[in-house]
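Participant: Can you look at this prediction? I've put the sequence above it.
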Amino acid sequence: MIRIALATAFLSCLISSCSSPVDDYFIASYYFPNYHVDTRNAKRFGDGWTEWELVKAARPRFTGHHQPNVPAWGYTDEADPVQMAKKIDAASDHGIDAFIFDWYYYDDGLFLERGIEEGFLGAKNNSRLKFGLMWANHDWMDIHPVDSATLLSDGGPEILYRGAITPETWDRMTDYIIETYFKHPSYWLIDGSPYFSVYDLTKLVRSFGSLQSTANAIKRFHQKVTDAGFKGLHMNAVVWGRTILPSEEIIEIEDMNAFLKDLGFTSATSYVWIHHVRLDFPTHPFTEVQDKYFDYADKFAGSIEIPYYPNVTMGWDSSPRANQDDRFANHGYPFMGTISMNTPENFKKALIQVRDYLDQHPGAHNIFNINCWNEWTEGSYLEPDTINGMAYLQAVKEVFGE
């Protein structure tokens, strides 16, 4: 009888495509697409420039500081579908379910889109991985690299493209998103609704001038998505406790739960641990940052009614974006504290903790994200380097399976 019951259960799983508990977790990794040639960057920095130039130029800034970090795959071109296919295979083989691309759209249009549109969408194996968008609607500043004098000046670094957009741009942008991305078979849907995340809530509200106007804009987007044949729109908010980039600011929100619900957000998440933890300078131990972040996550998840998807951060070191000839002092991003002891072993322990967190918070639907697949100039990457190889990806696989 036991054998018959097990066989029946197995056949039922085959028919319904159910999965074992280890497969029920959904792991998304942020992807920062500034490692291909972009026309805006070429005009400012010269033909062929990518952020790999900062990675190559980085050097140690204090005792025990490891720089430069050297990619084991070489200085890849993510706009090349063949090279992107290698990233997709590695991610999928080690348990990553989706890339969430940092996606840029300003009043004058797209920026850094070739990594997605030519690389990912052109890759023959893109069905192996889902992809989603996080609208990185922060000001784009001249910090590649930046010197300390500019950082500390009254005006700060030059703002090249402003994150706040006009309502007209919003309407053009959302039309483009639906047609170009949401309708692709690999786009990430949650319960039939495309996932779309917003990085900077302050800039979002400033784009429309009031909470009500912002809510109306999101409603228009939602209607467009349903008109396109989807069940709905999954709007995700990236929440901060602290700012990072020089021009970032946080609007005062007395009731975050009401704020998110009134604007029409479906879920909330975090981009990186240091949005919630102040780093000591020049280094702060990984496990201490981890503990402080999960204390925050537990409290915040209990304070809102919509799901909160937690984050695991691989590391932090923004020093490659600081002028390498300047003294490395605590001036603020990118002259700021780094995360130390973020070994593959400690990263694996953080993955185990987020798995336990999800088991204890069923409202999160077993979804979490990792910062980051390739933030080489911020010291947070899963891609293999010449020191640890595939160890960080292997940690994901060991905790969550393929």
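Facilitator: Structure's in. What do you need? Residues are numbered from 1 along each chain as shown.
Participant: who touches residue 378 in this structure?
Facilitator: Applying CB atoms under 8 Å, 6 or more residues apart in numbering to residue 378 gives the contacts 32, 316-318, 320-321, 372. (C-beta placed from N, C-alpha, C; glycine too.)
Participant: Break down the stretch 1-150 of the chain into its strands, ranges please.
Facilitator: Using DSSP state E, counting those that start in this stretch, the strands of the stretch 1-150 of the chain run over 26-31, 98-106, 109-111, 130-135, 140-141.
Participant: between those strands, which gets nearest to residue 265?
Facilitator: Closest of the strands of the stretch 1-150 of the chain to residue 265 is strand 130-135, at 12.9 Å (criterion: CB to CB).
Participant: What lies in contact with that closest one?
Facilitator: Contact with strand 130-135 is made by 28, 30, 97-105, 116, 120, 177, 181, 184, 186-188, 194-199, 236, 238, 271, as judged by CB under 8 Å, 6+ apart.
Participant: again, only using 6 Å
Facilitator: For strand 130-135, contacts defined as CB atoms under 6 Å, 6 or more residues apart in numbering pick out 97-103, 120, 186, 188, 195-199.
Participant: May I ask which of the residues you listed has the most neighbours?
Facilitator: residue 99 (29 neighbours; other CB atoms under 10 Å).
Participant: Just list whatever residues bridge to residue 368.
Facilitator: Judged by DSSP bridges, the bridge partners of residue 368 are residue 27.
Participant: what comes up buried for the helix or strand where residue 347 lies?
Facilitator: In this structure, residue 347 is located in helix 344-360 according to DSSP states H and E. Residues of helix 344-360 classed as buried: 344, 346-348, 350-351, 353-355, 357-358 (neighbour count, 16 or more other CB atoms under 10 Å).
Participant: Who are the packing partners of that helix?
Facilitator: For helix 344-360, the elements it packs on are helix 391-400, judged by 3 or more CB pairs under 6 Å, 6 or more residues apart in numbering; DSSP states H and E.
Participant: For the helix it packs on, the averaged confidence score.
Facilitator: Across helix 391-400, pLDDT averages out at 98.
Participant: Dump stretch 355-372 to PDB, restricted to CA.
Facilitator: The C-alpha atoms that make up stretch 355-372 are tabulated as PDB, following Å, rounded to 0.1, in the frame of the first residue of the first chain:
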ATOM      1  CA  ARG A 355      15.900  30.300   3.600                       C
ATOM      2  CA  ASP A 356      14.900  30.000   7.300                       C
ATOM      3  CA  TYR A 357      13.400  33.500   7.100                       C
ATOM      4  CA  LEU A 358      11.200  32.500   4.200                       C
ATOM      5  CA  ASP A 359      10.100  29.400   6.000                       C
ATOM      6  CA  GLN A 360       9.000  31.600   8.900                       C
ATOM      7  CA  HIS A 361       7.400  34.200   6.700                       C
ATOM      8  CA  PRO A 362       5.000  32.400   4.300                       C
ATOM      9  CA  GLY A 363       3.700  35.800   3.100                       C
ATOM     10  CA  ALA A 364       6.900  36.300   1.200                       C
ATOM     11  CA  HIS A 365       6.000  33.400  -1.100                       C
ATOM     12  CA  ASN A 366       9.500  32.000  -0.900                       C
ATOM     13  CA  ILE A 367      10.800  34.800  -3.100                       C
ATOM     14  CA  PHE A 368      14.100  36.600  -2.400                       C
ATOM     15  CA  ASN A 369      16.800  38.500  -4.300                       C
ATOM     16  CA  ILE A 370      20.500  38.700  -4.300                       C
ATOM     17  CA  ASN A 371      22.700  41.700  -4.800                       C
ATOM     18  CA  CYS A 372      24.200  41.200  -7.300                       C
END
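Participant: What are the boundaries of the helices in the protein?
Facilitator: Secondary structure of the chain, counting by DSSP state H: helices at 2-16, 39-45, 52-57, 81-93, 114, 148-152, 167-177, 201-208, 211-227, 256-263, 286-301, 344-360, 391-400.
Participant: between the ones you listed, which one is nearest to residue 126?
Facilitator: Between residue 126 and those, the tightest spacing by CB to CB is seen for helix 81-93, at 6.2 Å.
Participant: Quick check: buried residues in that closest one?
Facilitator: 81, 83-85, 87-88, 90-92.
Participant: same check, this time on stretch 276-291
Facilitator: 276-277, 279, 282-284, 286, 289-290.
Participant: And residue 164, how far from residue 355?
Facilitator: 38 Å (CB to CB, to the nearest Å).
Participant: what does residue 145 give?
Facilitator: In terms of CB to CB, residue 145 sits 37 Å off from residue 355.
Participant: what do you get for residue 377?
Facilitator: According to CB to CB, residue 377 and residue 355 sit 29 Å apart.
Participant: Over to residue 283?
Facilitator: Counting by CB to CB - residue 283 and residue 355 are separated by 27 Å.
Participant: One more: residue 300?
Facilitator: The value you get for residue 300 to residue 355, if CB to CB is used, is 19 Å.
Participant: repeat for residue 68
Facilitator: 33 Å.
Participant: Could you do residue 188 as well?
Facilitator: Going from residue 188 to residue 355 by CB to CB gives 20 Å.
Participant: Please apply the same query to residue 180.
Facilitator: Distance, residue 180 to residue 355, by CB to CB: 34 Å.
Participant: repeat for residue 43
Facilitator: From residue 43 to residue 355 the distance is 45 Å (CB to CB).
Participant: ditto for residue 189
Facilitator: The value you get for residue 189 to residue 355, if CB to CB is used, is 23 Å.
Participant: ok, now which ones touch residue 38?
Facilitator: Residue 38 sits next to residue 112 when contact means CB under 6 Å, 6+ apart.
Participant: Show the pLDDT at residue 10.
Facilitator: Checking the pLDDT column for residue 10, the value is 34.
Participant: and if you look at residue 52?
Facilitator: On the pLDDT scale, residue 52 is placed at 98.
Participant: pretty sure it contacts residue 77?
Facilitator: No - using CB atoms under 6 Å as the test, residue 52 is too far from residue 77 to be in contact (9.2 Å).
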